[in-house]
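> quick one: sequence plus predicted model below, questions after.
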Amino acid sequence: LPAWLTEDVRRRCWAGFGPHSAREPHHVVDGSETVARYPRVPLQIDSMDAVRQWIDGYDAGVWYADRNVGLLLDELRRQGVLDDLVIIVSSDHGENLGELNCWGDHQHADHITNRVPLLMRWPGLIEPGSSEDALHYHFDWAATLIELLGGKVPDNWDGVPFTGALRAGRAEGREALVLSQAAWSCMRSVRFRRDGEDYICLRTYHDGYKDLEPVMLFNLTQDPHEQYDLAAARPDLVAHAMSVLTDWQHQQMLTHERDVDPLMTVLREGGPFHTRGTLPRYLAHLRATGRAAAAQRLERLHPDEAQ
């Protein structure tokens, strides 16, 4: 198992609550139908054996994808065309495996959910085995690809190409990123660096019935799995992040074609899509499983949704 996934971590997750938490890793209540379809995953994260089963099941999926990509590359090599091709591997999101008590899903605007791969094989441009450590949005790569192919990035795009840095083999990205989540929670975060270390500060507008504080700060250099919230200890970094977020929101509202923030639309519609309407059933489940205090907290935070 990964070294950070200890029994103490599992117990803290077990004591928590929320969709896809340790007691409800298949949404909010009963995951028996899911387990029947996918026998590699346990019903609950109720032991370290269950943690291992969960991680092993995920690793099986990683192995399956890796093997099939390898088969494809082997066939392209056999046909003698591999060195004539540009190959790019990316993804739409990451996957939390216990971070913030989310198991096997992507429900936050956090580092784990938003860290996506950008693997490139580009003969004559990228040195094999090289890597870059810089902050980019996913759509920055789209702008870069347009320039690499001789096109012009449209003026109304937010994507900033890093073509020159890529060609020069150097790390050159943005000073900070603002990330969003509105499907499982309503949250924005600021990913930034300070004094040579990486941080992420999360601002939660709707918790999606999870055990979250309104503002959280994590040092990703020392704590890449987001176990230790530093918001109370480092108000200076929280203030910096919130300033970046405010400036970003201001710029977006000035330059966007519409004057409504879509995150605010989701909030006005009743909260995150995937948890909307599930609170009454979940409150009953929390009380039935000895977590009345969690139920009371969610009722207090979401009185209109508890009916």
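Looks like it came in fine. Numbering: from 1, shown residues only.

> which other helices and strands contact the helix or strand of the chain with the lowest mean pLDDT?
Lowest on mean pLDDT, DSSP states H and E among the helices and strands of the chain sits helix 163-168, with a mean of 88. Secondary-structure packing of helix 163-168 (3 or more Cβ pairs under 8 Å, 6 or more residues apart in numbering; DSSP states H and E): helix 138-148. Every C-beta, even on glycine, is put in place using the N, C-alpha and C of the backbone.

> list of residues touching the helix it packs on?
For helix 138-148, contacts defined as Cβ atoms under 8 Å, 6 or more residues apart in numbering pick out 90, 116, 118, 125, 152-153, 157-163, 166, 173-174.

> kindly report the same for stretch 297-307.
Under the criterion Cβ under 8 Å, 6+ apart, residues 17, 207, 209, 270, 271, 276, 277, 279, 280, 282, 283, 286 lie in contact with stretch 297-307.

> give me the below-cutoff pLDDT ranges for the chain.
For the chain, applying pLDDT under 70 flags no range at all.

> who does the lengthiest helix in it touch, helix- and strand-wise?
With DSSP state H setting the assignment, residue counts place helix 48-78 as the longest helix in the chain. Contact here means 3+ Cβ pairs under 8 Å, 6+ apart; on that basis helix 48-78 packs against helix 7-15, strand 96-97, strand 103-105.

> try it again with 7 Å
The contact analysis (3 or more Cβ pairs under 7 Å, 6 or more residues apart in numbering; DSSP states H and E) places helix 48-78 against helix 7-15, strand 103-105.

> which of the ones you listed sits most buried?
strand 103-105 (a mean of 21; mean count of other Cβ atoms under 10 Å).

> that strand pairs with which strands?
strand 96-97 (antiparallel) (DSSP bridges).

> please enumerate the strands of the stretch 101-250 of the chain.
In the stretch 101-250 of the chain, strands defined by DSSP state E, counting those that start in this stretch lie at 103-105, 119-121, 176-181, 186-194, 197-206, 215-219, listed in chain order.

> buried residues in the least confident helix or strand of the chain?
165, 166 (16 or more other Cβ atoms under 10 Å).

> also stretch 174-192?
176-179, 181-192.

> then it to CSV, C-alphas only?
C-alpha atoms of stretch 174-192 as CSV (Å, rounded to 0.1, in the frame of the first residue of the first chain):
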residue,chain,number,x,y,z
ARG,A,174,1.6,30.3,-14.9
GLU,A,175,2.0,31.8,-11.5
ALA,A,176,-1.2,30.3,-10.3
LEU,A,177,-4.2,28.3,-11.4
VAL,A,178,-7.9,28.6,-10.4
LEU,A,179,-9.7,25.3,-10.5
SER,A,180,-13.4,24.6,-10.2
GLN,A,181,-15.8,21.7,-9.3
ALA,A,182,-19.6,21.9,-9.6
ALA,A,183,-20.7,18.3,-10.2
TRP,A,184,-20.2,16.8,-6.7
SER,A,185,-19.5,19.9,-4.7
CYS,A,186,-19.4,23.6,-5.5
MET,A,187,-15.8,24.6,-4.9
ARG,A,188,-13.0,26.7,-6.3
SER,A,189,-9.3,26.4,-5.5
VAL,A,190,-6.1,28.3,-6.1
ARG,A,191,-3.0,26.3,-7.0
PHE,A,192,0.2,28.3,-6.4
